[in-house]
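> From the sequence below, what's the structure:
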Amino acid sequence: MRMLLFAVVAIAALGLSASAQSKSLEGVWSLTEISTSGPETAIRHMSQPSMYLFTKKHYSIIYVNDDKARPDVDMNSATADQLRSTFVDSFVANAGTYEYKGGKLTVHPMVAKAPSYMATGTWSAWTVKGDGNSMTLVSDSSNNGPATNPATFKLKRVE
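This next block holds a predicted model:
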């Protein structure tokens, strides 16, 4: 009887721990800094709009990936280079489902700016560290293998 009671308490504690861990991610976050490693080492303080949303099972990431505001281009007369600069090079957007276990966040994109990023079987994983109102994501691996030059994303809680 004691073993059964112990097993029930242990299972409940694990369930609460996983639920609490997921809840620590849930909310709205703003990207404050990206640092890269390897040959292109750099630290960039983000000044443009960003939003990371986490619900119980879904996420959405959208941000301007540039230090300066994107230009307002006339869609009827913009050159290919202007369109690429505005909508491709300086903009990140994807959303889908996620798993958060043992300090690792794994996202499974369902919709993305880049069609290849939403292909079946595509995923990306980050190690997560946080203290309630700040969170750090370090690229860990993807369906293509381990991260060779991990990037670090620092976020602050908005809501």
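> Going by C-alpha atoms from here, please, whenever you check contacts or count neighbours.
Noted.
> Look at the closest residue to Pro146 other than its chain neighbours and tell me its secondary structure.
Distances taken as CA to CA, 6 or more residues apart in numbering place Asp140 nearest to Pro146, at 6.1 Å, with adjacent residues excluded. Here Asp140 is recorded as strand under DSSP: H, G, I helix; E, B strand; the rest coil.
> Please shift the residue numbers so they start at 369 in all later answers.
All set: I'll call the first residue 369, so the last point we hit is now Asp508.
> which ones are touching Asp508?
Listed by CA atoms under 8 Å, 6 or more residues apart in numbering, the contact partners of Asp508 are 492-495, 514-515, 518.
> could those be laid out in JSON lines, adding pLDDT, distance to Thr447 and secondary structure?
JSON lines is the format used below for the contacts of Asp508 (pLDDT from 0 to 100; distance: CA to CA, whole Å; DSSP: H, G, I helix; E, B strand; the rest coil):
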{"residue": "Ser492", "pLDDT": "98", "distance to Thr447": "33", "secondary structure": "strand"}
{"residue": "Ala493", "pLDDT": "98", "distance to Thr447": "36", "secondary structure": "strand"}
{"residue": "Trp494", "pLDDT": "98", "distance to Thr447": "36", "secondary structure": "strand"}
{"residue": "Thr495", "pLDDT": "98", "distance to Thr447": "40", "secondary structure": "strand"}
{"residue": "Pro514", "pLDDT": "98", "distance to Thr447": "37", "secondary structure": "strand"}
{"residue": "Ala515", "pLDDT": "97", "distance to Thr447": "35", "secondary structure": "coil"}
{"residue": "Pro518", "pLDDT": "97", "distance to Thr447": "34", "secondary structure": "coil"}
